[in-house]
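Enquirer: got a structure for you, letters missing:
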């Protein structure tokens, strides 16, 4: 006694195996070396010696103001926190304070 349609089940198994092999071939073609991805990213963004690049985010240290900063690049737009103007303002205020206390 046979239950179900054996020929349909056998054909479904063959179809399943062929689909899996096609997917595996496609995966091999689209495989990206993870190290290569970051090599290309470092060429696009200019990384200075006191900065570290993580994906599209740079962490850096400004030795003049003794502050850390974050630089984020989204496409062609670059955002920095705190901004260059804020770091320059802090540096000038620190210099003004030093000059006032020395006098």
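Expert: Thanks, I have it. Remember, predicted model here, so these are calculated numbers, not experimental data. Numbering: from 1, shown residues only.

Enquirer: longest single helix anywhere in this structure?
Expert: For the chain, the helix that runs over the most residues, judged by DSSP state H, is helix 6-29.

Enquirer: in this structure, where is pLDDT below threshold?
Expert: For the chain, applying pLDDT under 70 flags the ranges 1-4, 6, 29-54.

Enquirer: what about the helices in it?
Expert: 6-29, 34-44, 84-102.

Enquirer: using CSV, please lay out those together with distance to residue 60 and mean neighbour count.
Expert: To be clear about C-beta, it is placed using only N, CA and C from the backbone, and glycine gets the same treatment. Formatted as CSV, these follow (distance: least, C-beta to C-beta, whole Å; neighbours: other C-beta atoms under 10 Å):
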stretch, distance to residue 60, mean neighbour count
helix 6-29, 37, 10
helix 34-44, 14, 10
helix 84-102, 10, 11
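
Enquirer: figure out which of those is closest to residue 74.
Expert: For those, proximity to residue 74 was assessed by C-beta to C-beta; helix 34-44 is nearest, at 12.6 Å.

Enquirer: which strands and helices lie in contact with the top strand by length along the chain?
Expert: Ranked by number of residues, the top strand in the chain under DSSP state E is strand 67-74. Helices and strands touching strand 67-74, by 3 or more C-beta pairs under 8 Å, 6 or more residues apart in numbering; DSSP states H and E, are strand 57-62, strand 77-81, helix 84-102.

Enquirer: now do 10 Å
Expert: Packing contacts for strand 67-74, counted by 3 or more C-beta pairs under 10 Å, 6 or more residues apart in numbering; DSSP states H and E, involve strand 51-54, strand 57-62, strand 77-81, helix 84-102.

Enquirer: would you turn the ones you listed into a markdown table with distance to residue 21?
Expert: Converted to a markdown table, the helices and strands packed on strand 67-74 look like this (distance: least, C-beta to C-beta, whole Å):
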| stretch | distance to residue 21 |
| --- | --- |
| strand 51-54 | 37 |
| strand 57-62 | 40 |
| strand 77-81 | 44 |
| helix 84-102 | 55 |
